[in-house]
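Novice: sequence-free structure coming up:
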C-alpha cells in the first residue's frame, strides 16, 4: 500500500516537472513584436491660380453642299452627247452646258409660229399706212429687224387706243405671246450649270429618250458647304450669326475656318439641343465629310481647368494641408472630353494634380518638389 502511494506521488511530481519545463520552453521561444513603419505616399501638387477660361463648344457633323439641285427634264427628246460627259464626278463651270436634249422638231415648230406672226404683221401694214400713219413707221422698223432665227423683240407700243384695238383684232398680240411661251420652253432643251459645281449623280446616258418629269441627276457646288451641328440649349443665347468656327477632320491633320450662318429657332425637345449651321469654303472639302467644330462660346471668370480624373464624387478633389490630404468641394461649370472647368477653389490652394489611388481624407502625404504643371 505504501508502495502504491509512493508511486502515485512520484508520478504526479514527474508530470508537474514536465509541465514546468514545457512552459519554460514556450515562454523562452516567444518572438519580439516588431513595429510596422508608417508609409507616407508622395503626391504631385499644383498651386491653384484662377483666371479667365475660354469655353469652346465642341460639336461634329457631316458636310452638306450649300447649293445642291436635282435635275429634272421639263421637255421630251433624245439626250445628245455634249463636250463633257454627264457622269458622276464631272465638274462644270457656271454657264457650261450640262445636258443637251434634241430639239429639232420643236425648233421647226417655233420657226413656223414666228413666220405666222411675220405674215400677220405684213398683212396689216397697208391698213396701218392709211388709217394709222403715225404708227406705220414703228411697225415697218419692227419688220425690218425681224429675224426668224432669233427671239422676238418686244412689239411696238400702240400710239393710240384705236391702233391697239386694230392690232389686237388681227391676233398679233396673241400670236406674239404664244411664240414667247414657245421660246421659253425651247430654252429648257438645254440645261446649263447655274454655278461652279460637280455632278454627284447621273441617271441617263447619251441616246436615251428623255421624258418630261424624269429625274436626270444631281448637281452640287464645288467648294461651298454647310456643317449642321447640334449644340446644347444652354448656349443658345451665346451663339451669334457671324461667329468664327474652327473646323478640322477626324485625324486633325487638316483645318478650315468656318462661320455661323444660321441658328435654328426651334429646340429639339428630346435632346434639348438646337441646330447650328456653319458655312465653310475651301479646298479638299467633299459632301458627306465628317468634321469637328470648335465654337467659341464664352469665357468663365475666376475659374480653373483641370483633368476630369482629379474629381471625386463629381464635385470634390484632394488638396494638401499640413502634410495631409483634405477634401475640397468645387463647382464644375463646363465639361470637355478630358477636362473640367471648376470654380470655388481659392487661389493658392495646393491641390493634387495627379490621380492618387486609395486616397482618403486625412491621409499623410509628402509633396514632390518637381511637380509644377497639370497633366491634361
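Specialist: Yes, it's here. All of these numbers come straight from a predicted model, not from anything done at the bench. Numbering: from 1, shown residues only.
Novice: which elements pack onto the helix or strand hosting residue 293?
Specialist: Element membership of residue 293 [criterion: DSSP states H and E] is strand 290-307. Other helices and strands packing on strand 290-307, by 3 or more CB pairs under 8 Å, 6 or more residues apart in numbering; DSSP states H and E, are strand 51-65, strand 224-232, strand 244-249, strand 255-268, strand 273-281, strand 331-335, strand 339-343. (C-beta placed from N, C-alpha, C; glycine too.)
Novice: tilt between the helix or strand just after that strand and strand 290-307?
Specialist: Counting by DSSP H and E, the element after strand 290-307 in chain order, helix or strand, is strand 316-321. Inter-element angle recorded for strand 316-321 and strand 290-307: 40 degrees (by axes from the mean of the first three to the mean of the last three CA atoms, to 10 degrees).
Novice: any idea what residue 71 is bridged to?
Specialist: With DSSP bridges as the criterion, residue 71 is bridged to residue 217.
Novice: so who does residue 194 touch?
Specialist: When contacts are counted by CB atoms under 8 Å, 6 or more residues apart in numbering, residue 194 touches 67, 69, 94.
Novice: now, which of the residues you listed sits nearest residue 291?
Specialist: The shortest approach to residue 291 among the contacts of residue 194 belongs to residue 67, at 18.3 Å (CB to CB).
Novice: test my guess that the closest one contacts residue 193.
Specialist: No - judged on CB atoms under 8 Å, residue 67 makes no contact with residue 193 at a distance of 10.9 Å.
Novice: now the strand holding residue 293, how far from the chain's geometric center?
Specialist: 18 Å (CA atoms, centre = their mean, to the nearest Å).
Novice: same thing with stretch 291-308?
Specialist: On CA atoms, centre = their mean, the centre of stretch 291-308 falls 19 Å from the chain's centre.
Novice: show me which residues of it are buried.
Specialist: Using 16 or more other CB atoms under 10 Å as the test for burial, stretch 291-308 gives 291-297, 300, 303-307.
Novice: shaky segments in the stretch 201-350 of the chain?
Specialist: For the stretch 201-350 of the chain, residues meeting the criterion pLDDT under 70 lie at 237-238, 297.
Novice: could you measure residue 207 against residue 137, distance?
Specialist: Computed as CB to CB, to the nearest Å, the residue 207 to residue 137 distance reads 51 Å.
Novice: of those two, which one has the most company?
Specialist: Neighbours were tallied for residue 207 and for residue 137 using other CB atoms under 10 Å; the higher tally belongs to residue 137 (13 against 9).
Novice: and the more buried one, what element?
Specialist: Residue 137 is part of helix 133-144 when elements are defined by DSSP H and E.
Novice: next one: that helix to chain centre, how far?
Specialist: Computed by CA atoms, centre = their mean, the separation of helix 133-144 from the middle of its chain amounts to 62 Å.
Novice: one more: stretch 253-269?
Specialist: The answer for stretch 253-269 is 6 Å, by CA atoms, centre = their mean.
Novice: pull the number of nearby residues for the residue lying closest to residue 275 once chain neighbours are set aside.
Specialist: Once flanking residues are discounted, residue 275 sits nearest to residue 264: 4.0 Å by CB to CB, 6 or more residues apart in numbering. By the other CB under 10 Å criterion, the neighbourhood of residue 264 contains 15 residues.
Novice: so who does residue 264 touch?
Specialist: Counting by CB under 8 Å, 6+ apart, residue 264 touches 274-277.
Novice: rewinding a little: how about the helices and strands packed on strand 290-307 in TSV, adding distance to residue 105?
Specialist: Listed next are the helices and strands packed on strand 290-307 as TSV, based on distance: least, CB to CB, whole Å:
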stretch	distance to residue 105
strand 51-65	36
strand 224-232	38
strand 244-249	51
strand 255-268	46
strand 273-281	43
strand 331-335	68
strand 339-343	71
